[in-house]
Every structure is written in structure tokens, then in C-alpha cells.
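[1] test case, fold it:
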Amino acid sequence: MSAPKTSDCNQDAARAHGSSLQRLVIQPFYDVDGITIYCGDCREIVPLLGRFDLLLTDPPYGLGEGTWDTNAKGPKRQWRLHHEQMGWDAEVADVSALLPVADKQIIWGGHLMNLPTQRAWLVWNKIVRNFSSGVCELAWTNLDCPIDAFDYSHGQLATEGKQHPTQKPLKLMAWCIGKAGKVQTILDPYMGSGTTLRAAKDLGLRAVGIEVNETYCRQAVARLAQGVLRLDNE
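    Numbering: from 1, shown residues only. Here you go, the predicted structure:
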């Protein structure tokens, strides 16, 4: 395995010789064994990447701290406030421009976004009912399949080492990839701490993740450095 390639989050702007057009030069934050991370604004980076088989992402919902457990105290509350101050959930993401980059699309929180009407929704049933962030979450998709649900308790997620306030379970994202059928390349333009990329790696697929916050990029790199896990993708 080759060593990860890292760079600053800031992309360099270069002007092509003899041309008035500016071209964005992007250097991967990480690029190892078919998994690539870019640290920057996905609106600037995605147009430079070409097409993918699957768009699988969990963008900001724009709900902010209002969805969190207001009774949380001590280290738990400080952890949440720290992540909220990063501004990652200041407004709902506009994902409409991302749809043309992939044939298949799965977007968590899609019911909060301006997306076309589709019949195939995916549901994460969190099973446990004693927390304030919602007992389930919805993913909009353009897949040609019936509505389906994945049962996985919020409590089980704690065993994976939660590093982002809205981090999805690894098995959930692997299940989403399985629902998409035969795909080889995956894009997650709102990567967070890298769960989509980790699932893709464990399934032997190629994936690109984009994240504007360097702290989360580094956390994703650390997760990718771990040994490959066996995931049930059925």
C-alpha cells in the first residue's frame, strides 16, 4: 500500500497559458487503493471529477442544534456544541446540481430538500425510541425498487466510535450500496467522517469523498487506515 497523499484544504487557482479561463487545480487530501478524499467545497470540486455509478451522501439538513438532546450535560454536551460551532449544519444543502454526476442516487435527508418525486425511499429504523433526534431517518433515491427499511439501533452506532454528530452506521451505508445493485464507483460529496468511503473500501469498490472541514478529513483517513472489515451487503 502506498503512503497517503495529503495537502492543505485550500485549492490553488491556475491560469492556463494563453487562455483567459481559470482552472481549478485540486490535490487529493488522500488517495490510496481506489479511495480518494478531497478537502474543499464540493460545489467547486464535483464538476472536475467526471461521472460515477452511485451518488451516496448525507448532506447537512439545516436543522442545527435544535434537533439535539437539550438535556445532555457534561462531556456529551460539550462534544455536541464543539461540532455545532464548526457550522457544518448551518443551512440545508442544495444537492440539485449533484444529481447529473451519477446514474444512481441515494441522498439521506432528501425529504428536506428540493428533489424530484420518486417512489423508492430508504428508511433507517433506529429501533430505540428514547432520544430526541428522531426514531428514523429517510433517504431519497432514484432507484427502481419499493420502499425498504434497515433496522439498526442508535445505541449500536456508539460501538463504531462516533466522530461526527450525524454519522451513519457503517452497515447502513453498506446496505445502501447493496440496494443500488452493481456499482463500481461511488461519490460522497458531503463525506463527514468517511462512513461511505469506509463501506466502499470494505466492499472492494472505488469511491471519492469530499469534505470542507479538515478535521473530519483527518478522521476519515484514520478510519480508512484500519483493516478491511467484513460487511454483509445482502
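
[2] quick one: the helices in this structure?
    Assigned by DSSP state H, the helices in the chain fall at 42-45, 74-84, 154-157, 170-179, 195-202, 214-224.

[3] report pLDDT for residue 215.
    According to the prediction, residue 215 has pLDDT 91.

[4] do I have it right that residue 98 meets residue 47?
    No: Residue 98 is beyond contact range of residue 47, at 10.0 Å (criterion: C-beta atoms under 8 Å). C-betas here are computed from N, CA, C, even on glycine.

[5] those two - which one has more neighbours?
    Neighbours were counted for residue 98 and for residue 47 using other C-beta atoms under 10 Å; residue 98 has more, 20 against 11.

[6] residue contacts, that one?
    Each residue near residue 98 by C-beta atoms under 8 Å, 6 or more residues apart in numbering is listed here: 42, 46, 55, 57, 105, 189.

[7] most widely separated two among those?
    42 and 105 (14.4 Å; C-beta to C-beta).

[8] end-to-end on stretch 171-187?
    17 Å (C-alpha to C-alpha, to the nearest Å).

[9] give the buried residues for it.
    Neighbour counts over stretch 171-187 (16 or more other C-beta atoms under 10 Å) mark 171-177, 179-180, 183, 185-187 as buried.

[10] nearest to residue 196, out of those residues: which one, please.
    Ranked by distance to residue 196 (C-beta to C-beta), the buried residues of stretch 171-187 are led by residue 173 at 5.2 Å.

[11] quick revisit: mean pLDDT lowest where, among the helices of the chain?
    Mean pLDDT is lowest for helix 74-84 among the helices of the chain, at a mean of 50.

[12] residue 137: how many residues sit nearby?
    20.

[13] so what's it closest to, chain neighbours aside?
    residue 124 (4.6 Å; C-beta to C-beta, 6 or more residues apart in numbering).

[14] from what I can see the one you found touches residue 148, true?
    No: under the criterion of C-beta under 8 Å, residue 124 makes no contact with residue 148, lying 10.6 Å away.

[15] so these two - more neighbours on which side?
    Taking neighbours as other C-beta under 10 Å, residue 124 and residue 148 compare with residue 124 leading, 22 against 15.

[16] can you read off the pLDDT for that one?
    pLDDT at residue 124 comes out at 92.

[17] OK, contacts around it?
    The contact partners of residue 124, taken as C-beta under 8 Å, 6+ apart, are 108, 136-139, 149-150, 152, 168-169, 172.

[18] who wins on neighbours among those?
    In terms of neighbour count, residue 139 stands highest of the contacts of residue 124 at 26 neighbours, by other C-beta under 10 Å.

[19] what about the strands in the chain?
    Secondary structure of the chain (DSSP state E): strands located at 12-15, 22-25, 30-32, 35-39, 52-57, 102-108, 121-125, 136-141, 148-151, 185-188, 206-211.

[20] among those, which comes closest to residue 219?
    Per C-beta to C-beta, nearest to residue 219 of those: strand 206-211, 9.3 Å.

[21] using CSV, write out every CA atom in that closest one.
    Taking Å, rounded to 0.1, in the frame of the first residue of the first chain, the C-alpha atoms of strand 206-211 are listed here in CSV:
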residue,chain,number,x,y,z
ARG,A,206,-13.8,2.7,-5.7
ALA,A,207,-15.0,5.9,-4.0
VAL,A,208,-14.4,9.6,-3.8
GLY,A,209,-15.3,11.7,-0.8
ILE,A,210,-15.3,15.5,-0.4
GLU,A,211,-15.4,17.3,2.9
